[in-house]
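K.L.:
Give me coordinates for this.
(one chain, ligands or ions: 1)
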Amino acid sequence: MTFKLIHVGLGGWGMDWERTALATIADRVTVTGIVEAWQPNLERAQEVLGYTDAQSFTNLTDALTSVEADAVLITSPPATHMSLAVEAMRAGKHVLSEKPMASSIAEAREAIQVSRETGMHLQISQNYRYYPALIKAVELLRDGVLGGLARVNVDFRQWVHDAPAGENPYYDLDHPLLSDMAIHHWDMMRMILGCEAESIYVQRSDPSWSNYRDVASATAIVTFTNGVVVSYRGSWMSSDTPTFWAGEWKMECEDGLISMTSRQGGPFGTQGDAVSIRTRSGVMQPQPLPHLPVWGRSAGVLDLQRWIETGEPSQNAAERNLGSLAIVEAAIKSAASGVVEPIRIPRA
Ligand SMILES: NC(=O)c1ccc[n+]([C@@H]2O[C@H](COP(=O)([O-])OP(=O)(O)OC[C@H]3O[C@@H](n4cnc5c(N)ncnc54)[C@H](O)[C@@H]3O)[C@@H](O)[C@H]2O)c1
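P.N.:
Numbering: from 1, shown residues only. Purely as a prediction, here's the structure:
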């Protein structure tokens, strides 16, 4: 029997979920219904993906009463994630929601409370965690291959700035870097360092010619509870060579360097993932990476299914994701206040 999903939000990324992430695991996962609030996008999804009228809805309420499902996959905008998740959980469905989980920690906690009350699992799609380079980096640090970790430098560079001002809806997003994109990098830091962040200092570094309404380039210093300090430079308008989506990572250890990149994006799957190590006097040595037959978003779906079957929570259980959301909140606060902000992770 396959795992049955209702899929909500068939915009750009939702369509990509269907064509790549869900298509890869079509032998194990079936979408029984799609929900898209905007009629033209609903029709496009029907036409491109072949869903019938009986499987297609403009609101979740109708889908929940009309088709069978084990879980609801949410790929709509962040402001809608938790209200949809709460409705799904109250209807007895587990939930896998895109990042960022919620617009605020308070909203996330309310949804986690509903998850407890209903016994339905709430998982966040932090898909970068299911890529081979990250898994290898965690392993190298855990095994102390180059001794203890001293500091980490992360660079993320993209150029999404070709359209004139006002002509790319992304320019108008709240916190396009610090929330929408960097939540991946904050979450990766927590995964790789194996602990929580305790403070952050952010300086906006947008040039005067930025077409973005909100912070699109920033430099941050993040301090973790194990004493490691991460320096982070991110930009949506970097004229330097673009990085892959996970960014370029340099992890300075007692006996040498671990460098890592991941998530090339587009059709490349895990191809661009790479980890190298170099002792202080040696040369870079590429490391063999684990082979993952299923990776990224698809692995996240199977992780939720495993959680349901075994009762062992996913690493991306909403409760565990609060630490990443807390970095987002503190980063936004620091960018505005200009001072170091503590990162407070509430008990869920
Ligand atoms: N993990 C990643 O690598 C990654 C990459 C891109 C986007 N995302 C995330 O995916 C989500 C969607 O991004 P996008 O770029 O596709 O956004 P989008 O705005 O292009 O698409 C969202 C779609 O959801 C629909 N929608 C809005 N409210 C709805 C509701 N209540 N019910 C049903 N449909 C509704 C909209 O009509 C739209 O078609 C965001 O949370 C974004 O952060 C994640």
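K.L.:
hang on, V222 packs against I200?
P.N.:
Yes: contact criterion Cβ atoms under 8 Å: V222 and I200 qualify, at 4.9 Å. From N, CA and C alone the C-beta is placed, and that goes for glycine too.
K.L.:
Need the overlap of contacts for the two.
P.N.:
Listed as contacting both V222 and I200 by Cβ atoms under 8 Å, 6 or more residues apart in numbering are I327.
K.L.:
Geometric centre of this protein: which residue is closest?
P.N.:
Residue closest to the average C-alpha location in the chain (Cα atoms, centre = their mean): Q126, at 3.4 Å.
K.L.:
and it, how far is that from N316?
P.N.:
5 Å (Cβ to Cβ, to the nearest Å).
K.L.:
Which residues are in contact with each of those two?
P.N.:
In contact with both Q126 and N316: G300, using Cβ under 8 Å, 6+ apart.
K.L.:
Next up, the contacts around the residue of the chain found nearest the ligand.
P.N.:
The ligand sits closest to G11 of the chain, with a gap of 1.8 Å, by Cβ to the nearest ligand atom. Residues near G11 by Cβ under 8 Å, 6+ apart: 36, 41, 75-77.
K.L.:
Kindly report the same for A102.
P.N.:
Neighbours of A102 in contact, by Cβ under 8 Å, 6+ apart: 78, 81-82, 108, 111, 325.
K.L.:
So which of the residues you listed belong to helices?
P.N.:
Those of the contacts of A102 mapping onto helices are 78, 81-82, 108, 111, 325, per DSSP state H.
K.L.:
which of those residues lies closest to D180?
P.N.:
Among the ones in helices among the contacts of A102, P78 lies closest to D180 (Cβ to Cβ), at 7.6 Å.
K.L.:
sec struct for A26, please.
P.N.:
Taking DSSP: H, G, I helix; E, B strand; the rest coil as the rule, one finds A26 in the coil state.
K.L.:
So which residues of this structure form helices?
P.N.:
Going by DSSP H, the chain shows helices at 12-16, 23-24, 39-49, 60-66, 78-90, 105-118, 132-142, 182-193, 296-310, 318-337.
K.L.:
tell me the domain ranges of the chain?
P.N.:
By the assignment in automatic domain parsing, the chain contains the domains 3-125, 129-292+327-342.
K.L.:
Which one, of those, ends up nearest to E312?
P.N.:
domain 3-125 (10.8 Å).
K.L.:
mind checking the end-to-end distance for that closest one?
P.N.:
17 Å (Cα to Cα, to the nearest Å).
K.L.:
what mean pLDDT does that domain have?
P.N.:
Here domain 3-125 scores 98 as its mean pLDDT.
K.L.:
Likewise for stretch 200-214?
P.N.:
For stretch 200-214, the mean per-residue pLDDT is 96.
K.L.:
how about the residues of the stretch 201-348 of the chain near the ligand?
P.N.:
With the criterion set to Cβ under 6 Å from any ligand atom, the stretch 201-348 of the chain never comes near the ligand.
K.L.:
what's the answer for the stretch 1-150 of the chain, then?
P.N.:
Counting by Cβ under 6 Å from any ligand atom, the stretch 1-150 of the chain sits next to the ligand at 8-14, 35-38, 41, 75-78, 80, 84, 98-99, 125, 127.
K.L.:
follow-up on the earlier one: winner for burial among the helices of the chain?
P.N.:
Among the helices of the chain, ranked by average contacts under mean count of other Cβ atoms under 10 Å, first place goes to helix 182-193 (a mean of 24).
K.L.:
which residues sit in contact with S199?
P.N.:
Here S199 is in contact with 222-223, 330, 340-343 (criterion: Cβ under 8 Å, 6+ apart).
K.L.:
scratch that, V31
P.N.:
Going by Cβ under 8 Å, 6+ apart, V31 touches 4-7, 18, 22, 51, 55, 73.
K.L.:
any idea how far M237 is from it?
P.N.:
Distance, V31 to M237, using Cβ to Cβ: 36 Å.
K.L.:
again with Q126
P.N.:
From Q126 across to M237, the span is 25 Å (Cβ to Cβ).
K.L.:
what's the answer for K99, then?
P.N.:
Between K99 and M237 the computed distance is 22 Å (Cβ to Cβ).
K.L.:
neighbour-wise, which of these two wins?
P.N.:
Set K99 next to M237 and count neighbours by other Cβ atoms under 10 Å: K99 wins out with 23 against 19.
K.L.:
Surely that one and S125 touch.
P.N.:
Yes: the pair K99 / S125 is scored as a contact, 6.1 Å apart, by Cβ under 8 Å.
K.L.:
thinking again about what came up before, the residue nearest to the centre of the chain is in contact with K99, isn't it?
P.N.:
Yes: Q126 lies in contact with K99 (Cβ under 8 Å); the separation is 5.8 Å.
K.L.:
what residues do the two have in common as contacts?
P.N.:
Here Q126 and K99 have 183-184, 187, 321, 324 as joint contacts, going by Cβ under 8 Å, 6+ apart.
K.L.:
Can I have the buried ones of the contacts of V31 as a PyMOL selection?
P.N.:
The following PyMOL line selects those of those that are buried, judged by 16 or more other Cβ atoms under 10 Å:
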select buried, resi 4+5+6+7+18+22+51+55+73
